[in-house]
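# Sequence plus the predicted model coming up.
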Amino acid sequence: MFSQTFDVDDVNVTKVSAKQSQEIFADALNAYKNYEWNNSIFLFKKLHSNPENITPESMYILIMAQTYAGQYKQAADDCTYFLNNYPDSQYVQLVVYQKGKNLYQTGDYEKAIITLSDFCHTYPSNQLYATSLFWIGESFFATYNFESAKPIYERIIAEYPDDSKAKDARYRLDVIAQRSREEKLLYLLKQTGEDYLSSKEAYEKSLKYHSVESSAGINNQLKELRQKNESLDADLAYEKNRSAELEARIKAYENDLTENIRLLKQQAKEAREIIGEEGDDNE
């Protein structure tokens, strides 16, 4: 069983051979103890410039210093180097865990899930088991695979309620529940919006149809009115022509009547004159 944080006091310094190398190792170790991550990393890399000075202990502390300094990719690469070269080291379990966590930090979530899953399968009794589960859940969460992340968080809470990650797992479940509600709301809004747009489109089509129908009806009415007006105009013109003809006939009749009256008067006058002359002769 190993603690999550490596205890630098347990490092076997006697494995460093040369006196100078021992001094560099001691300085690197001291910088690590004082949280001087970059200085510690520099000194360990200086130490490791001679391959003979590389030990499982120095490599592990270098990995941890890089992890704390945020040099996650380099730390993950050094974890791979460690596991390839020191498969029987007592620090293997911790290195496998750190590799998985650093892969998560680099955004390589698929490899992080594989590495941490192997850790959980191989070391089920390790005290970092629940923490490893949490980072697996975080890898799924980071890729929006909430369906896979949710049961992992639930398992941590149910089986490891006293673990430091149980609280974080509860928070993640709350976030997932909130996101689920938001997604449902967005879905409903989308459906409502689509229904609205569909109704609006149908309404506009109907309105356009009725508008066309109304326009056609109005046009038909106007056409009928124009036809009626044209008919009335024709009738009026006909009546005007008839009136003109009647007036002409009446005028001609009046003229004829006047002429006839004149002739009759003339004839009457002539008749009186003739009658008058005959009377004179009889006397």
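Right, received. Where do you want to start?
# Asn84: which element?
helix 72-85 (DSSP states H and E).
# looking at it, Ala169 is touching Gly137, isn't it?
Yes - counting by CB atoms under 8 Å, Ala169 does reach Gly137; the two are 7.0 Å apart. The way it works is simple: take the backbone N, C-alpha and C, and place the C-beta from them, glycine included.
# These two: which has the busier surroundings?
Neighbours per residue, other CB atoms under 10 Å: of Ala169 and Gly137, the larger number sits with Gly137, 29 against 26.
# hey, C-alpha coordinates of stretch 107-114 in CSV?
Extracted in CSV, the C-alpha atoms of stretch 107-114 (Å, rounded to 0.1, in the frame of the first residue of the first chain):
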residue,chain,number,x,y,z
GLY,A,107,-6.1,16.1,-22.7
ASP,A,108,-5.3,12.6,-23.9
TYR,A,109,-8.5,11.3,-22.3
GLU,A,110,-8.7,8.0,-24.2
LYS,A,111,-5.2,6.9,-23.0
ALA,A,112,-5.9,8.2,-19.6
ILE,A,113,-9.0,6.0,-19.3
ILE,A,114,-7.0,3.0,-20.5
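# what's that stretch in contact with?
Ala76, Gly100, Lys101, Leu103, Tyr104, Trp135, Ile136, Ser139, Phe140, Ala142, Thr143 (CB atoms under 8 Å, 6 or more residues apart in numbering).
# Take the residues you listed and lay them out in TSV including neighbour count, pLDDT and secondary structure.
Output for these, formatted as TSV (neighbours: other CB atoms under 10 Å; pLDDT from 0 to 100; DSSP: H, G, I helix; E, B strand; the rest coil):
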residue	neighbour count	pLDDT	secondary structure
Ala76	26	97	helix
Gly100	28	97	helix
Lys101	24	97	helix
Leu103	26	97	helix
Tyr104	22	97	helix
Trp135	24	97	helix
Ile136	25	97	helix
Ser139	27	96	helix
Phe140	21	96	helix
Ala142	13	93	helix
Thr143	14	93	coil
